[in-house]
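> With the input below, show me the fold.
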Amino acid sequence: MTTAWLRDQVADLYTRNRQQGTATWSGSEYDFVCPSTVTYPFQWFWDSCFHAIALSHFDAGRAESEIAGLLANQQDDGFIPHVIFWQRERFEASVSTYAIAFRTNWLSDQMQPPLLAEAVEATARRGRGTEYLAEVLPALRRFYDWCHDVRDPDGDGLIAVLQADETGLDHSPKFDDYLGIAAPTDEEFLAGWHRVADPYAKADRRPAEMFSLDRFVVEDVMVNTIYAENLRVLADLCRLVGDDEGDSRYRARAEATTRALVDKCWDSDRGLFFDLAGIAERHLEVNTVTSLFPLLLTGITNDVVERLVGHLTDPAEYDAPFPVPSVAMSEEGYDPGVVGRNLVWRGPTWMNSNWYLVRGLRRHGHTDLADRIVDRSIELVRRNGFREYYNPETGEGNGAPDFSWTAIILDMVEIDT
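Numbers count the residues shown, from 1 in each chain. Below is the predicted model of the structure:
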């Protein structure tokens with residue numbers, strides 16, 4: 001598989017999944033790549049960030065449009081919704097099945113992992129450079145200030161999610177006990193979602209009150225790794241445009257988040273990072289791929305790096321034929337297929353987590369292991385096309401077909417740290 005072939009495949013996919021039009025509710029034009037026309041026709045926050053990064057390799061203008069759709073719906077306090085229902089009237093039947101908290105009929109009231117700075121950086125670097133940065137940096141800064149001001153109420157440097165789906169890892173087994181899930185079924189998770197979200201609705205979804213209810217407060221390792229990395233990227237972008245204050249502010253926050261991950265989430269006995277749950281901050285001690293995510297960061301020691309790499313190379317945990325499974329294969333809740341249920345992140349391999357792990361491995365000098373994961377990832381796409389996720393044991397593609405963020409593999413092939 002050549003890079004040129006892969007680019008062509010991604011370009012064709014992004015043509016099929018392109019959504020363009022004028023929203024009846026706002027009069028705004030939209031132009032974005034939906035995750036999948038079959039199951040996810042709207043604009044999702046972290047999906048669009050991945051799409052922009054992939055698009056930057058062959059169409060920086062469309063990458064800008066992807067980001068523009070997100071920023072067009074930024075709220076006055078800096079918040080950006082995790083779903084924008086641009087063309088909702090065409091998909092009312094689908095919307096009726098979603099367990100999503102709405103801010104308006106067209107905007108959700110939830111966040112997603114904050115990788116917007118990485119998307120902006122890739123788009124600027126391969127496109128209009130500092131001219132583009134000057135246009136979007138004010139909005140970008142407001143978003144990360146919102147994360148800091150609203151989602152870190154205890155000031156420890158770690159931002160918290162208030163619902164499992166804000167992580168993007170909706171049904172991960174690491175949340176089962178905390179959510180009171182008795183069995184991994186669609187019905188159980190829907191009931192768990194309502195146990196969390198319904199009290200929030202009674203509190204008018206005011207963040208301070210949602211935190212005080214302590215229904216679901218998780219300082220998630222993956223979310224905070226992405227947050228730390230993007231604060232560092234944002235600092236670099238500020239420096240590029242001569243904003244020394246922004247450079248200093250966001251670099252200090254990135255370092256604080258990295259320190260907090262190590263100080264509060266690292267379990268030296270097991271050699272893994274674990275989420276903090278509730279105001280009491282107890283560890284969610286389930287071994288999932290998010291426990292490895294801080295491998296991405298430059299501010300961790302070589303000893304921590306080697307412990308994490310040890311898990312990746314352990315055939316009982318993550319060294320599957322088609323790595324990297326989203327749950328350690330040794331975990332009781334590991335399910336490699338999840339076929340016939342609408343449950344995600346309970347075992348299958350996902351391309352976006354591979355992208356982050358590959359970058360971390362290369363950053364810390366483990367290029368051979370990174371190359372093996374890339375080679376196996378390419379084989380998944382060659383065999384099955386762009387699927388939502390893949391069975392780590394057989395390579396079978398499952399979930400939504402023509403899944404757009406799987407095209408982040410293009411950046412894995414042409415990656416730089």
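
> And the residue lying closest to Ala260 once chain neighbours are set aside, how close does it get to Ala201?
Closest residue to Ala260 apart from its sequence neighbours, by C-beta to C-beta, 6 or more residues apart in numbering: Gly157 at 4.0 Å. C-betas here are computed from N, CA, C, even on glycine. For Gly157, the distance to Ala201 equals 30 Å [C-beta to C-beta, to the nearest Å].

> quick one on the thing from earlier: what helix or strand does the residue nearest to Ala260 sit in?
According to DSSP states H and E, Gly157 maps onto no helix or strand at all.

> How many residues are close by Leu369?
By the criterion of other C-beta atoms under 10 Å, Leu369 has 18 neighbours.

> typo on my end, it should be Trp193
Trp193: 19 surrounding residues under other C-beta under 10 Å.

> and the residue nearest to it when sequence neighbours are not counted, what does it touch?
The spatially closest residue to Trp193, leaving aside those adjacent along the chain, is Ala99, at 4.7 Å (C-beta to C-beta, 6+ apart). By C-beta atoms under 8 Å, 6 or more residues apart in numbering, the contact list for Ala99 reads Asp165, Leu190, Trp193, His194, Ala197.

> pretty sure Ala99 is in a strand, no?
No: remark: Ala99 does not belong to a strand; assigned using DSSP: H, G, I helix; E, B strand; the rest coil, it is coil.

> can you give me phi and psi for Asp109?
phi -120, psi 40 (degrees, to the nearest 10).

> Any of the contacts of Ala99 buried? List them.
Asp165, Trp193, Ala197 (16 or more other C-beta atoms under 10 Å).

> mind listing which of those are in helices?
Using DSSP state H, Trp193, Ala197 are the members of those that sit in helices.

> Let me have the buried ones among the contacts of Ala99 in TSV, extended by distance to Pro392.
Shown next, in TSV, are these (distance: C-beta to C-beta, whole Å):
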residue	distance to Pro392
Asp165	23
Trp193	26
Ala197	31
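
> returning to what we had before: neighbours of the residue nearest to Ala260, how many?
By the criterion of other C-beta under 10 Å, Gly157 has 24 neighbours.

> was I right about it contacting Ala254?
No: contact criterion C-beta atoms under 8 Å: Gly157 and Ala254 do not qualify, at 9.1 Å.

> next structured bit after the strand or helix carrying Glu135?
Secondary structure assigned from DSSP H and E places Glu135 in helix 130-150. Using DSSP H and E, the helix or strand that follows helix 130-150 in sequence is helix 176-179.

> hmm, who's touching that next one?
Applying C-beta under 8 Å, 6+ apart, the contact partners of helix 176-179 are 164, 184, 189, 192, 195-196, 216, 218, 277-278, 284, 286, 333.

> Can you select the buried ones among these for me in ChimeraX?
To isolate the buried members of the contacts of helix 176-179 in ChimeraX, using 16+ other C-beta under 10 Å:
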select :164,184,189,192,196,216,218,277,284,286,333
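
> Of the contacts of helix 176-179, which belong to strands?
Here DSSP state E is the test, and the contacts of helix 176-179 give Val218, Ala277 as lying in strands.

> circling back to that earlier point, could you provide the buried ones among the contacts of Ala99 in JSON lines, with additional columns for distance to Asn17 and pLDDT?
Shown next, in JSON lines, are the buried ones among the contacts of Ala99 (distance: C-beta to C-beta, whole Å; pLDDT from 0 to 100):
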{"residue": "Asp165", "distance to Asn17": "22", "pLDDT": "96"}
{"residue": "Trp193", "distance to Asn17": "27", "pLDDT": "96"}
{"residue": "Ala197", "distance to Asn17": "29", "pLDDT": "97"}
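
> any idea which residue sits dead centre in the protein?
By C-alpha atoms, centre = their mean, the chain has its centre lying nearest to Pro113, at 4.4 Å.

> pLDDT wise, what is it at?
Looking at Pro113, its pLDDT is 98.

> In PDB, list the C-alpha atoms belonging to the helix holding Glu135.
What follows is helix 130-150 as a C-alpha-only set of coordinates in PDB (Å, rounded to 0.1, in the frame of the first residue of the first chain):
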ATOM      1  CA  THR A 130       0.300  32.300  10.500                       C
ATOM      2  CA  GLU A 131      -2.300  34.100   8.400                       C
ATOM      3  CA  TYR A 132      -4.800  31.300   9.300                       C
ATOM      4  CA  LEU A 133      -3.600  31.200  13.000                       C
ATOM      5  CA  ALA A 134      -4.300  34.900  13.400                       C
ATOM      6  CA  GLU A 135      -7.900  34.300  12.400                       C
ATOM      7  CA  VAL A 136      -8.600  31.300  14.700                       C
ATOM      8  CA  LEU A 137      -6.300  31.700  17.700                       C
ATOM      9  CA  PRO A 138      -8.700  34.000  19.700                       C
ATOM     10  CA  ALA A 139     -11.500  31.400  19.500                       C
ATOM     11  CA  LEU A 140      -9.000  28.600  20.200                       C
ATOM     12  CA  ARG A 141      -7.800  30.400  23.300                       C
ATOM     13  CA  ARG A 142     -11.400  30.900  24.500                       C
ATOM     14  CA  PHE A 143     -12.100  27.200  24.200                       C
ATOM     15  CA  TYR A 144      -9.100  26.100  26.200                       C
ATOM     16  CA  ASP A 145      -9.800  28.800  28.800                       C
ATOM     17  CA  TRP A 146     -13.300  27.400  29.100                       C
ATOM     18  CA  CYS A 147     -11.800  23.900  29.800                       C
ATOM     19  CA  HIS A 148      -9.600  25.400  32.500                       C
ATOM     20  CA  ASP A 149     -12.200  27.700  34.000                       C
ATOM     21  CA  VAL A 150     -15.300  25.500  33.900                       C
END
